[in-house]
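**Student:** below: sequence and its predicted model.
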Amino acid sequence: MNAPERSAAFLLDEDNAEVKVTYASDTKVANAGTFTFNKEDHTMGNLIRMQLLRYSSVRFAGYKIPHPLVHQIDLKIQTTSSNSTPIDALSDAIEDLIGETGALKLEAESAIERWKKENSGVGVIGPF
């Protein structure tokens, strides 16, 4: 078959020294740069973009996928001043997202435990 391995969509090729993230500063626009994320898709791109747009120090945040068959995202960030760099903005966004997902996980786990306690003696209803 002429299809690539499925794992090639999300595992880095360590034999060829493939890296997860690279950064290139923009030479034409002040306080801007482009991050290239390997082995990522719209899920990660949109999540980070939306978090970045919550910050008043970020003037622009957008991403593109250069080609649908290449699992890569180009994320462009421009900040409002030189006091906050695109690297700082991305770092803050990732830290905030880690905190939000941790809180969501704890909330889901407590809801599951609460449901189990409330339904401990009840049998399954229906054809399941």
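**Tutor:** Noted; the coordinates are in hand. Residues are numbered from 1 along each chain as shown.
**Student:** centre-most residue in this structure?
**Tutor:** Note on the chain: the residue nearest the mean C-alpha position is residue 44, at 2.9 Å, using CA atoms, centre = their mean.
**Student:** gap between that one and residue 37?
**Tutor:** In this view, residue 44 and residue 37 are 7 Å apart by CB to CB, to the nearest Å. Placement of C-beta: from N, CA and C, glycine included.
**Student:** residue 119 too?
**Tutor:** 42 Å.
**Student:** any idea which element residue 61 lies in?
**Tutor:** strand 58-64 (DSSP states H and E).
**Student:** got the buried residues for that strand?
**Tutor:** 58, 59, 60, 61, 63 (16 or more other CB atoms under 10 Å).
**Student:** what sits against the nearest residue to residue 37 once chain neighbours are set aside?
**Tutor:** Nearest residue to residue 37, sequence neighbours excluded (CB to CB, 6 or more residues apart in numbering): residue 73, at 4.5 Å. Contact analysis of residue 73 by CB atoms under 8 Å, 6 or more residues apart in numbering lists 36, 37, 40, 41, 44, 45, 63, 64, 65.
**Student:** please tabulate these in CSV, including the columns pLDDT and distance to residue 18.
**Tutor:** Converted to CSV, those look like this (pLDDT from 0 to 100; distance: CB to CB, whole Å):
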residue, pLDDT, distance to residue 18
36, 96, 11
37, 96, 12
40, 92, 13
41, 91, 16
44, 94, 16
45, 95, 18
63, 97, 19
64, 97, 20
65, 95, 17
